[in-house]
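>>> pasted the sequence and its predicted model underneath.
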Amino acid sequence: MASKSQKGNSVFIISLLLTLIFIIWGVFFTDNLAYVTDIIYNGSIDYLGWLYLSATLFFVVFSVFLLFSKYGNIRLGKKTDRPDFNTASWLAMLFGAGMGVGIVYWAVAEPVTHFTNPPYGEPYTVDAANTAMKYTFFHWGLDPWAIYTVIGLALAFFQYNKRLPAAISSAFYPILGDRIYGPIGKTIDILSIFATVFGIATSLGLGAMQVTAGMHYIFGVPNELFVQLIVIAVATVIFTISINTGLEKGIQYLSNTAMVLSFAIMLLILIVGPTLTIIKVLFNTTGLYISDFIQMSLRLVPFGEGADWIATWTLFYWAWWIAWAPFVGMFIARVSKGRTVREFVIGVLIVPTLGTCLWMSVFGGSALELVQQTGNHNLATYITENVSLSIFTFFDYFPLSSLLSILGFAVVAIYYITVADTATFVLGMLSEGGTLNPSNKIKVTWGVIQSALAAVLLLAGGLNILQTASIAAALPFTVILIILCFSLLKGLKSELEVQKGSKRIRHP
C-alpha cells in the first residue's frame with residue numbers, strides 16, 4: 001500500500017503533467033480539442049440528460065433526508081470539537097466559494113433572458129415573467145446547494161470523524177477500504193484536481209473579461225485583451241499575498257467583505273427600487289418554485305419543441321455545478337469542522353438557497369419590472385447580448401447609480417480574488433496527500449498555473465472550449481457522487497453504532 005505522502009506526490013506530478021499536456025493541446029490544436037470536447041459534451045447532454053436530472057433530484061432528497069434523520073446530531077469531529085469560524089464568516093466563505101461572482105453576473109441577465117426566450121409560452125408576457133423567475137430560482141436554488149451538501153458533508157465526515165486524508169478518495173473508504181491509497185484512489189483524486197484546475201481557469205478567464213468590462217463601463221478603461229491579461233496578473237499578485245495569510249485572515253476577510261458589500265447593494269436596490277414588486281416577486285416565485293419543483297426537476301420534453309432550451313440551461317447548469325463539486329465540497333468541508341450534520345445541511349442547503357432566492361428577487365424582479373414598465377425591448381436585447389455588462393446597465397436606471405456601480409464592481413473583483421484564493425487552497429490540499437494546511441509553495445504553484453492557463457486560453461481564444469471540457473468531466477463525477485452518497489450513509493450508520501456502543505460501555 002502506498003503511503004499518504006507518496007500518494008500526494010504522485011497525484012501532484014501526474015495532475016501537473018496532464019494539465020500541461022492539455023494546455024499544449026488547447027494552444028496548438030485548438031480546433032481538434034474543440035471537436036473532441038463538443039462530441040463528449042453534446043453526447044452526454046443528448047443521451048444522458050435524464051441521468052443529470054434524476055441524480056440532482058436525488059441529491060436534494062438525500063440532503064433533506066439527512067436533515068431530519070437520526071444522523072443529524074452527529075458532530076463533524078470529536079464530540080468536544082466546536083466550529084473554527086463563527087456562523088456569519090462560515091456562511092460567507094461557503095457562499096463565496098459556491099456561487100460568488102455567478103449570482104452578480106446572472107442576477108439581471110438570466111431572468112431577462114428567460115423573459116425574452118422562455119422555455120415555453122410567449123415571450124414578453126406576464127406568464128413569461130413568472131416563468132423566468134421560477135426557473136431562475138430553480139437553477140440557483142436547492143439543486144446546486146444539494147450537490148455541494150452531499151460532497152462537502154462526506155468529505156468533512158471522513159476527514160474529521162474517520163481521520164482520513166482531506167482527499168475526494170477518502171469519502172469512498174467504506175466501499176474501497178485501503179484501496180483509496182492505490183490506483184483507484186489516485187485516479188479519483190487526479191480527476192478531482194483536473195476538473196478543479198480547468199473549472200477555475202475558465203472562471204478566472206471569464207472573470208477577467210467581466211472585471212475589464214466593468215472598468216470600461218465605469219472608468220473608461222479600454223475593454224481589450226491586453227487589459228484582461230493585466231487584470232489576471234494583478235489578481236494573481238493579490239491572491240498570492242492572500243494565500244500566504246491562511247484561511248483565518250485572507251479568505252475569511254475577503255469573504256466577509258464581499259458579503260457585507262453584497263447586502264449593501266441588495267438593500268439599496270430594495271429601498272430605491274420597486275420595493276413592493278420585489279416583495280411580491282419573492283412570495284409569488286417561491287410558491288411557483290415549490291409547487292412546480294418536481295415537474296421542473298424531471299422535465300425533458302420528449303415531444304415537441306423546448307428540448308434545446310433545457311439542454312442549454314438546466315442540463316448545462318447541472319453539469320456545471322457537478323464539475324465544480326470537488327473544489328467547492330472540499331473547501332466547505334475544510335471550514336466546517338465542529339458543526340453537526342444537521343447544522344451543516346441547514347447552513348449549506350437551506351440558508352444559501354433562501355439568500356439566493358432573495359437576491360434574485362431583488363435584481364431579477366426589478367429588472368423585469370424595468371423592462372415591462374418601459375416597454376423597451378431594446379433594453380432587454382442589450383442585456384441578453386451583453387451579459388458581462390448587464391448589472392452595470394441595470395444600475396443606470398436607479399438613483400445612486402454611480403455608487404451602485406462602484407460597489408458592484410468591488411463585489412465582482414473581491415469574489416474573483418476569493419474564488420482563486422479558495423481554489424489554490426483546495427488544490428494544495430489535494431496535491432499534498434490530503435493535508436488540511438498545504439504549504440504556501442504548492443498553493444502559489446497552482447495559483448500561477450491557474451492564472452497562466454486562463455491567460456494562455458484568452459490569447460488562444462479557447463475559453464469556451466475549456467468550459468465545455470470542464471463540464472464534460474461532470475459525467476463521470478455524477479456517477480461518483482451517487483456512489484459517494486451510499487458510502488456516506490454507510491459511514492454515518494457505523495458512526496452512530498460506535499456512539500451507541502460507547503454510551504452502553506460508560507453506562508452499563
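Nice, thanks for sending it over.
>>> for this structure, which residue is closest to the average position?
With distances taken as CA atoms, centre = their mean, residue 98 lies nearest the centre of the chain, 3.7 Å away.
>>> am I right that that residue is in contact with residue 147?
No - at 9.4 Å, residue 98 does not count as touching residue 147 under the criterion of CB atoms under 8 Å. Backbone N, C-alpha and C define where each C-beta goes, glycine included.
>>> show me the contacts for the residue nearest to the centre of the chain.
By CB atoms under 8 Å, 6 or more residues apart in numbering, the contact list for residue 98 reads 144, 145, 148, 328, 332, 352.
>>> list phi and psi for residue 192.
As for residue 192, its main-chain torsions (degrees, to the nearest 10) stand at phi -60, psi -50.
>>> now residue 294
Torsion angles, degrees, to the nearest 10, at residue 294: phi -60, psi -40.
>>> show me the contacts for it.
In this structure, residue 294 makes contact with residue 57, judged by CB under 8 Å, 6+ apart.
>>> so what's it scoring on pLDDT?
For residue 294, the model assigns a pLDDT of 97.
>>> now residue 150
With respect to pLDDT, residue 150 has a value of 97.
>>> does it touch residue 62 like I think?
Yes - with contacts counted by CB under 8 Å, residue 150 reaches residue 62, the gap being 6.4 Å.
>>> ok, residue 369 - contacts?
The contact partners of residue 369, by CB under 8 Å, 6+ apart, come to 273, 274, 277.
>>> residue 490: neighbour count?
Neighbouring residues of residue 490 were enumerated by other CB atoms under 10 Å; the total is 13.
>>> check residue 242 too.
Residue 242: 22 surrounding residues under other CB under 10 Å.
>>> what strand or helix carries it?
Taking DSSP states H and E as the definition, one finds residue 242 inside helix 225-243.
>>> and the contacts of the helix or strand just after that helix?
Going down the chain from helix 225-243, the next helix or strand is helix 252-272, by DSSP H and E. Applying CB under 8 Å, 6+ apart, the contact partners of helix 252-272 are 85, 88-89, 91-93, 95-96, 100, 104, 242, 278, 358-359, 362-363, 366, 398-400, 403-404, 407-408, 410-411, 414-415, 417-418, 421.
>>> how far does helix 252-272 sit from its chain's centre?
What separates the centre of helix 252-272 from the centre of its chain is 19 Å, taken as CA atoms, centre = their mean, to the nearest Å.
>>> the contacts of helix 252-272, buried ones only, as a ChimeraX selection?
Buried residues within the contacts of helix 252-272, by 16 or more other CB atoms under 10 Å, are selected in ChimeraX with:
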select :85,89,91,92,93,95,96,100,104,242,278,359,362,363,366,398,404,407,408,410,411,414,415,417,418,421
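>>> so where's this structure uncertain?
Applying pLDDT under 70 to the chain picks out residues 1-8, 244-250, 374-376, 460-463, 466-467, 470, 501-508.
>>> try it again at 50.
1-3, 5, 505-508 (pLDDT under 50).
>>> state which helix of it is the longest.
Secondary structure of the chain per DSSP state H: the longest helix is helix 30-68.
>>> for the stretch 351-500 of the chain, which segments count as helices?
For the stretch 351-500 of the chain, the helices defined by DSSP state H, counting those that start in this stretch occupy 351-374, 377-385, 390-395, 401-431, 440-460, 463-472, 474-506.
>>> residues in contact with residue 220?
Residue 220 touches nothing, counting by CB under 8 Å, 6+ apart.
>>> torsion angles phi and psi at it?
Note on residue 220: its backbone torsions stand at phi 80, psi 10 [degrees, to the nearest 10].
>>> again with the one 3 residues further on
For residue 223, the backbone dihedrals (degrees, to the nearest 10) come out as phi -90, psi 80.
>>> what about it, how many neighbours?
By other CB under 10 Å, the residues close to residue 223 number 16.
>>> with residue 133 instead?
Neighbourhood size, residue 133 [other CB under 10 Å]: 27.
>>> look up the closest residue to residue 100, ignoring the ones flanking it.
Using CB to CB, 6 or more residues apart in numbering and skipping residues adjacent in sequence, the residue nearest residue 100 is residue 415, 4.1 Å away.
>>> return the distance of residue 90 relative to residue 32.
Noted for residue 90: a distance of 44 Å to residue 32, by CB to CB, to the nearest Å.
>>> who's more crowded, these two?
residue 90 (23 against 11).
>>> residue 395: what's it in contact with?
Shown in contact with residue 395 (CB under 8 Å, 6+ apart): 401, 404, 405, 408.
>>> how about the helices in the stretch 51-200 of the chain?
Along the stretch 51-200 of the chain, the segments classed as helices by DSSP H, counting those that start in this stretch run 87-98, 101-106, 109-116, 126-140, 142-160, 173-176, 183-219.
>>> mind giving me the packing neighbours of the second one?
Spelled out, that is helix 101-106. helix 126-140, helix 183-219, helix 351-374, helix 390-395, helix 401-431 (3 or more CB pairs under 8 Å, 6 or more residues apart in numbering; DSSP states H and E).
>>> export the ones you listed to a markdown table and tack on distance to residue 72?
Formatted as a markdown table, these follow (distance: least, CB to CB, whole Å):
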| stretch | distance to residue 72 |
| --- | --- |
| helix 126-140 | 26 |
| helix 183-219 | 28 |
| helix 351-374 | 16 |
| helix 390-395 | 38 |
| helix 401-431 | 27 |
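>>> surely residue 132 and residue 117 touch.
No - taking contacts as CB under 8 Å, residue 132 lies outside contact range of residue 117: 9.3 Å.
>>> of these two, give the one with the bigger neighbour count.
Applying other CB under 10 Å to residue 132 and residue 117 shows that residue 132 carries more neighbours, namely 26 against 14.
>>> so what's the nearest residue to that one once chain neighbours are set aside up against?
Leaving out its chain neighbours, the residue that sits closest to residue 132 by CB to CB, 6+ apart is residue 114, at 3.5 Å. Residues counted as contacts of residue 114 (CB under 8 Å, 6+ apart) are 128, 131, 132, 135, 136, 313.
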